[in-house]
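# The following block contains a protein sequence and its predicted model.
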Amino acid sequence: MLLPLGSGGTNTNQKKQIYKLNLFLNNNKRKILAAITLLFVLFWIIPSSSHEEINYNTSSSLVSKVFSSIAGVKSTSPKIMIILAVNSGGGVLRWKSEQEWAIERLSISNKRNFCLRHGYGLAIKDMTTDKRYSHEYREGWHKADVLKQTMREFPDTEWFWWLDTETLIMEPHISIEDHILNRLDSIAERTIQHFNPLALPINIANIDYKERPDLLLTQDCTGFNLGSFMIRNTEWSSLLLDMWWDPAAYVQKHMVWEHREQDALESMYANQPWVRSKIAFIPLRSINSLPPGACSDQANDDKYLYSSKENDFVINMDGCSYGRDCWGEMQKYMNIYEIKNNKWYNKLFGI
C-alpha cells in the first residue's frame, strides 16, 4: 500500500506514516489473514437463493446438467434427473401471487443446489403455455406427459425423479443412490399387504414380483402420493406413461376420480398385473415426509410426519393450498434446512 506522494518527493511526515503502516502490517499479519478468511467464509455460506434470480428460457424446458469433474463424468446425460414442472410465466388458470413466485424460486434453488452437489440433472418444465392441462382439471395428468417428453429428451438417463414444487430436499449431502437405489432390497415392499389405506386387492392373478421394479412409489393416508416418486427409463415405463395419459380413461372417469391422476394410477395397479409386477413401495418418509395437517385425520402418526431429528430426506407440503399456508410451511422448513446445513463448519469439513 502506498500513500500519495507530493511532487517534491517524500517528506518526513509521509515517511513516518509509511513506516508506521509497514510496522502495523508486519505485526498484524495473522489478524488480517484471519479477518479476510472470515469474510470469505461468511460470503460463501450465504444461500444462493437470497442473491440470485431465476432466469427462464422461452422454451418449454430449462435443463441444467451438472457433472462431477472430480469423478471425470463426460456423459451427455446424467444417470439421475430431477423433474420440476413450474408455471414460470404466471400460471395456467390464473396469475400467481408473490408468495407463489417465492415458493417456486425457493424450490428450484433447493433442487439446483442438490444436483450441483451430486452431479444430477435438473429439468425445469415450463407449463405456462400448456393450456390443454387446464381443461376440466386435466392439469393433474401433466406428470405423465412431462415425463414422456423428458425421457425422449434424455434417452440415456436411467432414473427420473419427479418432485412437486412445494417440496424441499432437507439432507442435500446424501445421494439418492446411497439413500434409496443401492438399498432397494432392504427398504422396498413389493406388495401392499402391510399397508393398504385404499383397501385395494392384495393379490391378483399373473403377477411376477421377481421382476426388477421400475416405479418407486410411496403411500400416505389417502393412497399413492405422487408428489415425489422415481421412475426408471425403460420400455415398461414408456408403456405405463402412454396408458396413464390415455384420454379414454380421463374422459370416462375425470368427474369420478377425486384425485385425478393418482386415482388413474391406482386403478391400473388394482387391475393390471403387468403394472403391479414392476412397482415397488418405499417408506413414505424416505422421500416424501409430510407436515402436520397433510393427513389431518392421522395428524400425529409418525409414519407420515417429517422428523428433523431422524433426518428425513424430503418434506412435501402436500395439499397446502387447501386451507393451509404454503408459503408459511415452506419458510418453516427452509429455516430448519438452513440450521441443519448452512453452518460454516459443516461446509468446511464436509459434515
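Here it is on my side, so go on.
# helix or strand for residue 186, which one?
Counting by DSSP states H and E, the element that carries residue 186 is helix 184-187.
# er, residue 108 actually
Using DSSP H and E, residue 108 maps to helix 98-118.
# what packs against that helix?
Helices and strands touching helix 98-118, by 3 or more CB pairs under 8 Å, 6 or more residues apart in numbering; DSSP states H and E, are strand 80-86, strand 121-126, strand 167-169, helix 326-341. C-beta: built from backbone N, CA, C; applies to glycine.
# Now do the longest one, average pLDDT.
Taken as a whole, helix 326-341 has an average pLDDT of 93.
# and the angle from that helix to helix 98-118?
With axes from the mean of the first three to the mean of the last three CA atoms, to 10 degrees applied, the angle from helix 326-341 to helix 98-118 works out at 30 degrees.
# Which other helices and strands does helix 326-341 contact?
helix 98-118, strand 167-169.
# of those, which approaches residue 279 most closely?
Minimum separation from residue 279 across the helices and strands packed on helix 326-341 (CB to CB) falls at strand 167-169, 21.1 Å.
# got a list of contacts for the closest one?
Residues from elsewhere that reach strand 167-169 (CB atoms under 8 Å, 6 or more residues apart in numbering): 106-107, 110-111, 114, 227-228, 313-317, 330, 333-334, 337.
# Could you rerun that using 7 Å?
107, 110-111, 114, 227-228, 313-316, 333-334, 337 (CB atoms under 7 Å, 6 or more residues apart in numbering).
# rewinding a little: mind putting the helices and strands packed on helix 326-341 in CSV, distance to residue 203 included?
Putting the helices and strands packed on helix 326-341 into CSV (distance: least, CB to CB, whole Å) gives the following:
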stretch, distance to residue 203
helix 98-118, 38
strand 167-169, 33
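# that older thread, quick check, nearest of the contacts of strand 167-169 to residue 101?
Using CB to CB, residue 107 comes nearest to residue 101 of the contacts of strand 167-169, at 11.0 Å.
# need the contact list for the closest one.
Here residue 107 is in contact with 84, 165-167 (criterion: CB under 7 Å, 6+ apart).
# same thing with residue 308?
The contact partners of residue 308, taken as CB under 7 Å, 6+ apart, are 336, 340.
# For it, grab phi and psi.
phi -70, psi -40 (degrees, to the nearest 10).
# so residue 286 sits in a helix?
Yes - counting by DSSP: H, G, I helix; E, B strand; the rest coil, residue 286 is part of a helix.
# surely it meets residue 311?
No - look at residue 286 against residue 311 with CB atoms under 7 Å: they stay out of range, at 11.2 Å.
# With residue 84 as the reference, measure out to residue 98.
Per CB to CB, to the nearest Å, residue 98 is found 20 Å from residue 84.
# no no, residue 16
On the measure of CB to CB, residue 16 and residue 84 end up 63 Å apart.
# neighbour-wise, which of the two wins?
Of the pair residue 16 and residue 84, residue 84 is the one with more neighbours under other CB atoms under 10 Å, namely 23 against 10.
# Contact partners for that one?
107-108, 111, 124-125, 163, 165.
# Model confidence for it, exactly?
For residue 84, pLDDT reads 92.
# Okay, and the beta partners of it?
Residue 84 has the following beta-bridge partners by DSSP bridges: residue 124.
# Going forward, the N-terminal residue is numbered 2.
Got it, first residue is 2 now, which makes that one residue 85.
# just to revisit the earlier point, give me the buried positions along the helix holding residue 109.
For helix 99-119, burial by neighbour count (16 or more other CB atoms under 10 Å) applies to 101, 103-116, 119.
# Let me know how buried residue 197 is, in neighbour terms.
Residues lying near residue 197 (other CB under 10 Å) number 13.
# cool, residue 275 as well?
The local packing of residue 275 (other CB under 10 Å) involves 15 other residues.
# Give the buried residues for the helix holding residue 187.
Quick answer for helix 185-188: no buried residues (16+ other CB under 10 Å).
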